[in-house]
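Student: test case, fold it:
(one chain, ligands or ions: 2)
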Amino acid sequence: MKRWIILSLAGLVTLGLASQLPGCASSRGGAGASAAQKVYVKPGEHDAYYAFLSGGHHGNIYVYGMPSCRYITTIPVFTPEPAVGYGVDEESKAMLGGFTWGDAHHPGLSETDGDYDGRWLFINDMPNARIARIALKDFKTKQIFGPIANLSAAHACPFPTPNTEYVFAASRFSAPVPNRYVKVEDYAKEFRGIIAGIKVDPKDGTMSMGFEILMPPFHWDLADAGKGPSHGWEFFTCYNSEMAFDSLEVKASQAEMDFVAAVDWRASQKAVDEGKAKMIGGAPVLDPNQVKGIVYLIPVPKSPHGVDVNPSGEYICASGKLQADVSVYSFAKMKAAIDGGKFDGDRMGVPVLKYEDVLEATVPVGLGPLHTQFDDKGNGYTSLFLDSQIAKWKVGPPWNVVDKIDVYYSIGHLMASEGDTRHPTGEYVVALNKLSKDRFLSVGPTHPEAAQLIDLRGPKMELLYDFPTYLEPHYAQMIRAEKLKPITVYPMAENNKPGAIKRAEDARVERKGNRVDVYGLVVRTHFTPDIVRVNEGDDVYFHWTNLEQDDDIAHGFGILWSNCNMQVEPGETKTMRWKATKAGITPFYCSNFCSALHQEMQGYIEVSPRGTPMATVQRPEPEKTAEVAALLRTE
Ligand code: RUQ
Ligand code: CUA
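Tutor: Ligands and ions are numbered 1, 2, ... in the order given. The predicted structure follows:
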């Protein structure tokens, strides 16, 4: 090993490349390595980063490892997932609230001091104005907040603040607030936008309503949190400040300037706490006509899309998608203009700052700039939709473009390694392209999306790898793998679910009227009980507890001729409802391969004709329970 290092170092020195050796332990394939070496992660070894890609209108999150670009898993969020029973078991079904889809755009990792802390991942469902929180302890969705009152779609969402004090949402489409029947032609008069600040409990991540601000009926598009000097502010782009309500593709591109809204979230919360809000639809709404000092507008040329704050928090970078520049605003100048009361009128009570007063620079990046991410060396990386390129530019004088790379094709978002935090790692960027065209084997007219891994460590960006993704990542975030410490089993001692049982002797079937509760165990390789007797017409609730504490030993529970299937992980209890509609025999089985005798893990539901007399409690025969108990003791 040592010899190998000495030899390769000698080789690098002869090549004059030693000075370019990457300093970071997680870097793979130093200078001179081929693209293949740089993405190669040996069998059995792990990647340096987790990447969380939004699933778009698939309504979930895809997890990849970087730099190998290996797909690891899907986290179901807004959409049922039959393999694991998400949206099928009672708890997750209740969380979905009757919706069976979502359109997830922007993952937002929780932060402490402006850096990812690996605790939670937030993601928006744009059309239904919801935000979900996933715990990264077990990669499971824990809460879905919303539909948020008064909001029509949440696109500028969730974009957490530096200590995850808030996640945000803003109406992509404006609508009447409160929503009621009006003529669409009365748009300017009757429609309004909403910016919502959703509080996050610092201990357990629980989301709750913080405040809402009534905004002009523009299309609120994207957001980012201030940090460092701009901590306490959240920035939102908008288009359609023309307030068109039809043929937007023409009418919403007329004005020279649209806006970035700068929201002082501490002042907004304070105003709500002081009782200055009006309750609308159950949410406290602040009207900038009455409550001053909570929100300001900064003019931005040509229908901006992304807004991104640089790592130091000094600059706010907005990309006018119909121009060829990124407009960079200085937070210090913005603050000075506000403090000096230098405004250029207002829009529906929101003071407008003067463009010249707050602009720091325009960077001629290229056509169709959408989103910007950052590295650790003072560079910004902007995706160019129309040029199908990424432009690398200096954040600071002379504000020039220093490199460009082609991507395939039509890039939307991009994700750099921890590239929207206080401390980006500067190793990689992934281009999230909207079109893949000819990049992969054809699978018919529905193409996969195309993601591309690019190395940022050298002086020039280098394309390393292409990988397809299923529909449709918008934004994504990449976090150093060592920040996450997922559990591998649920500790049985912490299982206090109401349906849980922890001993074979407690397995039973209880009946009250026509409600039947089955308290059972799933342990290799047996359902206890494996014969369940019910009556036609009964409502049957199966509560299965997986008592195993071994890695990777999940059991399934699938019932024939039904939509009922779920997975029960080690240490977990899950409840599923099944209706006994017809007298007869219904088999059930373990749907998740668990052991050599997995195929034998099955049981029967005996459904007797309506009204057949039944004991209120059935227990499996004692010798059967004893067998299982013995099995558990040898565990
Ligand atoms: S968007 S391609 Cu839904 Cu974030 Cu910019
Ligand atoms: Cu239990 Cu398969």
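Student: contacting residues around residue 299?
Tutor: Shown in contact with residue 299 (Cβ atoms under 8 Å, 6 or more residues apart in numbering): 257, 258, 259, 352, 353, 354, 355. Yep, even glycine has a C-beta here, placed from its N, CA and C like the rest.
Student: which of the helices or strands spans it?
Tutor: Taking DSSP states H and E as the definition, residue 299 sits inside strand 295-301.
Student: now for the next helix or strand after that strand, which elements pack on it?
Tutor: Once the chain leaves strand 295-301, the next helix or strand it forms, by DSSP H and E, is strand 304-309. Where contact means 3 or more Cβ pairs under 8 Å, 6 or more residues apart in numbering; DSSP states H and E, strand 304-309 is packed against strand 219-225, strand 233-239, strand 257-264, strand 315-320, strand 369-374.
Student: now those in CSV, with mean neighbour count?
Tutor: Converted to CSV, those look like this (neighbours: other Cβ atoms under 10 Å):
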stretch, mean neighbour count
strand 219-225, 27
strand 233-239, 27
strand 257-264, 24
strand 315-320, 26
strand 369-374, 27
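Student: redo those as a markdown table? Include mean pLDDT and distance to residue 525.
Tutor: Compiled in a markdown table, the helices and strands packed on strand 304-309 are given as follows (pLDDT from 0 to 100; distance: least, Cβ to Cβ, whole Å):
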| stretch | mean pLDDT | distance to residue 525 |
| --- | --- | --- |
| strand 219-225 | 98 | 50 |
| strand 233-239 | 98 | 53 |
| strand 257-264 | 98 | 56 |
| strand 315-320 | 96 | 57 |
| strand 369-374 | 98 | 49 |
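Student: contact partners for the closest residue to ligand 1 within the stretch 101-250 of the chain?
Tutor: For the stretch 101-250 of the chain and ligand 1, the shortest gap (Cβ to the nearest ligand atom) falls at residue 105, measuring 3.9 Å. The contact partners of residue 105, by Cβ under 8 Å, 6+ apart, come to 54, 56, 123, 124, 126, 155, 157, 474, 475.
Student: and which of those is nearest ligand 2?
Tutor: residue 123 (31.0 Å).
Student: the closest one sits in which helix or strand?
Tutor: Following DSSP H and E, the helix or strand that holds residue 123 is strand 115-125.
Student: helices or strands next to that strand in the packing?
Tutor: When contacts are defined as 3+ Cβ pairs under 8 Å, 6+ apart, strand 115-125 packs onto strand 108-112, strand 130-135, strand 476-480.
Student: can you give me the buried ones in the following helix or strand past the last one?
Tutor: Secondary structure here is assigned by DSSP H and E; on that basis, the next helix or strand after strand 476-480 toward the C-terminus is strand 508-512. Within strand 508-512, the residues scored as buried using 16 or more other Cβ atoms under 10 Å are 508, 509, 511.
Student: ok, and the closest non-adjacent residue to residue 262?
Tutor: Closest residue in space to residue 262, ignoring its immediate chain neighbours: residue 296 at 4.9 Å, by Cβ to Cβ, 6 or more residues apart in numbering.
Student: that neighbour: neighbour count?
Tutor: Counted by other Cβ atoms under 10 Å, the residues lying close to residue 296 total 23.
Student: ok, now residue 434?
Tutor: If you count neighbours by other Cβ under 10 Å, residue 434 ends up with 16.
Student: contacting residues around it?
Tutor: 385, 409, 410, 411, 412, 449.
Student: how far away is the fifth one from residue 342?
Tutor: Just to be clear, that refers to residue 412. From residue 412 across to residue 342, the span is 36 Å (Cβ to Cβ, to the nearest Å).
Student: re the thing from before, pLDDT value on the residue nearest to residue 262, please?
Tutor: pLDDT, residue 296: 98.
Student: what's the answer for residue 625, then?
Tutor: Reported pLDDT for residue 625: 87.
Student: could I get the buried residues of strand 508-512 as CSV with pLDDT and distance to residue 273?
Tutor: Shown next, in CSV, are these (pLDDT from 0 to 100; distance: Cβ to Cβ, whole Å):
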residue, pLDDT, distance to residue 273
508, 97, 51
509, 98, 52
511, 97, 51
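Student: tabulate those residues (CSV), appending distance to residue 457.
Tutor: Below are the buried residues of strand 508-512 laid out as CSV (distance: Cβ to Cβ, whole Å):
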residue, distance to residue 457
508, 61
509, 62
511, 66
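Student: and the residue lying closest to residue 85 once chain neighbours are set aside, how many residues sit next to it?
Tutor: Closest residue to residue 85 apart from its sequence neighbours, by Cβ to Cβ, 6+ apart: residue 566 at 2.4 Å. As a burial measure, residue 566 scores 26 neighbours (other Cβ under 10 Å).
Student: is residue 566 in a helix, a strand, or coil?
Tutor: Recorded secondary structure, residue 566: strand (DSSP: H, G, I helix; E, B strand; the rest coil).
Student: what sits opposite it in the beta ladder?
Tutor: Judged by DSSP bridges, the bridge partners of residue 566 are residue 557.
Student: quick one: it from ligand 2, how far?
Tutor: According to Cβ to the nearest ligand atom, to the nearest Å, residue 566 and ligand 2 sit 12 Å apart.
Student: wait, that residue sits on residue 89?
Tutor: Yes - using Cβ atoms under 8 Å, residue 566 is in contact with residue 89, at 4.8 Å.
Student: one step back: for the residue nearest to residue 262, list the residues it contacts.
Tutor: Taking Cβ under 8 Å, 6+ apart, we find residue 296 in contact with 261, 262, 334, 338, 350, 351, 352, 353.
Student: tabulate the buried residues of strand 508-512 (JSON lines), appending distance to ligand 2.
Tutor: Below are the buried residues of strand 508-512 laid out as JSON lines (distance: Cβ to the nearest ligand atom, whole Å):
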{"residue": "508", "distance to ligand 2": "21"}
{"residue": "509", "distance to ligand 2": "20"}
{"residue": "511", "distance to ligand 2": "26"}
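Student: ok and the residue in the stretch 351-500 of the chain nearest ligand 2?
Tutor: residue 489 (15.0 Å).
Student: okay, now that residue: neighbour count?
Tutor: By the criterion of other Cβ under 10 Å, residue 489 has 18 neighbours.
Student: now the buried members of the contacts of residue 296.
Tutor: If we count by 16+ other Cβ under 10 Å, the contacts of residue 296 have these buried: 261, 262, 334, 338, 350, 351, 352, 353.
Student: how about the fourth one: what's its closest non-neighbour residue?
Tutor: Looking back up the chat, that one is residue 338. Using Cβ to Cβ, 6+ apart and skipping residues adjacent in sequence, the residue nearest residue 338 is residue 296, 6.1 Å away.
Student: try the first one
Tutor: Using Cβ to Cβ, 6+ apart and skipping residues adjacent in sequence, the residue nearest residue 261 is residue 236, 4.5 Å away.
Student: ok, now the fifth one?
Tutor: Beyond its immediate neighbours in the sequence, the residue positioned closest to residue 350 (Cβ to Cβ, 6+ apart) is residue 288, lying 4.8 Å away.
Student: and the residue of the stretch 351-500 of the chain closest to ligand 1?
Tutor: Ligand 1 sits closest to residue 412 of the stretch 351-500 of the chain, with a gap of 3.0 Å, by Cβ to the nearest ligand atom.
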